[in-house]
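Novice: Okay, sequence plus prediction incoming.
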Amino acid sequence: MRDQNRPAVLAHQRFDADRSAFVCLDLASRFQRIHETNLWGALTSVSGLGSEATATAKLQADLPALLKSLGVASLLDAPCGDASWIITAGIDVDYIGVDIVPALIGAARVRTWPDPAKIRFMVADITADNLPCADAVLCRDCLVHLSFENIWRAVETFRRSGATWLITTTFSDWSTNVDIEDGDWRALNFMRPPFTWPMPHFLLDEGCDEASGGYRDKSLGVWRLRDIRLHAAAIETREGRAP
């Protein structure tokens, strides 16, 4: 399906209708507003339609095996949102959830979790703060809401954290990546410019049926962070820019 023929996504429609309210807001304030107004419109999760039970059923079934195959013993969920689906997915890892919205972290800390000794939460901005080290970073349904500039900032903080793997949302059949203001939404294919990342180590199909099935190519792509770094540097050198 061509990009322009895909149905509009609720997160973009609602942001577009409220766009004037985001003028002059910094990144933290933008996502604070999104949280306070439930802008993404989900009934059961303030983290949006993609975090509801029906949207995560396949991930809950498949993610534990993926993490095991990658040798992941510790996972940084960045951002974690309300963490409603992943903590019940049966992942056998040390888990750290971070989010830029303090209310989300506060609520997560007081919830009852299956194995609280292996779970912790902290407030952090993934585009700027020093992040805890883990074997893998899970960045699901987030970079699609960030500008190109803040995507690169986030990837750099992930790299600096010392993680081996980045597991992030990508749309394998999407053709053209466009820039947006932070808080809006668009699909991304990280193998297309301006990212041009190498082929992922693995693609985990989410079984997405949002927007009348118009985004069935939604997956979690798995990359080695060092490969993203080296690949980006090679492209910058080839185009005559300093890596």
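Specialist: Arrived safely. Numbering: from 1, shown residues only.
Novice: which residues touch the residue nearest to the spatial centre of the chain?
Specialist: Note on the chain: the residue nearest the mean C-alpha position is R140, at 2.7 Å, using CA atoms, centre = their mean. Counting by CB atoms under 8 Å, 6 or more residues apart in numbering, R140 makes contact with 50, 167-169, 220. Yep, even glycine has a C-beta here, placed from its N, CA and C like the rest.
Novice: pLDDT at the nearest residue to W174 once chain neighbours are set aside, what is it?
Specialist: Take W174 and drop its neighbours on the chain: the residue closest to it by CB to CB, 6 or more residues apart in numbering is N189, 3.9 Å away. Model confidence at N189, given as pLDDT, is 98.
Novice: Can you point out the buried residues in the strand or helix carrying F121?
Specialist: Taking DSSP states H and E as the definition, one finds F121 inside strand 119-123. In terms of neighbour count (16 or more other CB atoms under 10 Å), strand 119-123 has its buried residues at 119, 121.
Novice: The next helix or strand after that strand: partners in the sheet, and parallel or antiparallel?
Specialist: Where DSSP H and E defines the elements, the next helix or strand beyond strand 119-123 is strand 136-139. Looking at strand 136-139 with DSSP bridges, its partner strands are strand 74-77 (parallel), strand 165-171 (parallel).
Novice: residues touching N177, list them.
Specialist: 148, 186, 188-189, 192-195.
Novice: Tell me which of the strands paired with strand 136-139 lies nearest to D129.
Specialist: Closest approach to D129 among the strands paired with strand 136-139 is made by strand 74-77 (11.9 Å; CB to CB).
Novice: what angle do the helix or strand following that closest one and strand 119-123 make?
Specialist: Toward the C-terminus, strand 74-77 is succeeded by strand 94-99 as the next helix or strand (DSSP H and E). Orientation check (axes from the mean of the first three to the mean of the last three CA atoms, to 10 degrees): strand 94-99 against strand 119-123 gives 20 degrees.
Novice: And whatever helix or strand comes next after strand 94-99, what does it pack against?
Specialist: Next helix or strand after strand 94-99 toward the C-terminus (DSSP H and E): helix 102-110. Applying 3 or more CB pairs under 8 Å, 6 or more residues apart in numbering; DSSP states H and E, one finds that helix 102-110 contacts helix 27-36, strand 94-99, strand 119-123.
Novice: how about helix 102-110: buried residues?
Specialist: Buried residues in helix 102-110 (16+ other CB under 10 Å): 104-105, 108.
Novice: One more: stretch 12-27?
Specialist: Quick answer for stretch 12-27 (16+ other CB under 10 Å): 12, 14-15, 22, 27.
Novice: before we move on, the earlier item: so which of the contacts of N177 wins on neighbours?
Specialist: Highest neighbour count within those, by other CB atoms under 10 Å: L188, with 22 neighbours.
Novice: Contacts for the longest helix belonging to the chain, please.
Specialist: In the chain, with assignment by DSSP state H, the single longest helix is helix 53-69. With CB under 8 Å, 6+ apart as the test, helix 53-69 has contacts from 44, 49-50, 75, 85-86, 88-93, 136, 167, 202, 204-210, 220, 222.
Novice: what angle sits between it and strand 165-171?
Specialist: Helix 53-69 runs at 140 degrees relative to strand 165-171, counting by the same axes, to 10 degrees.
Novice: mind listing what's buried in helix 53-69?
Specialist: Applying a neighbour-count criterion of 16+ other CB under 10 Å, one finds 55-56, 59, 62-64, 66-67 buried in helix 53-69.
Novice: Cool, thanks, talk later.
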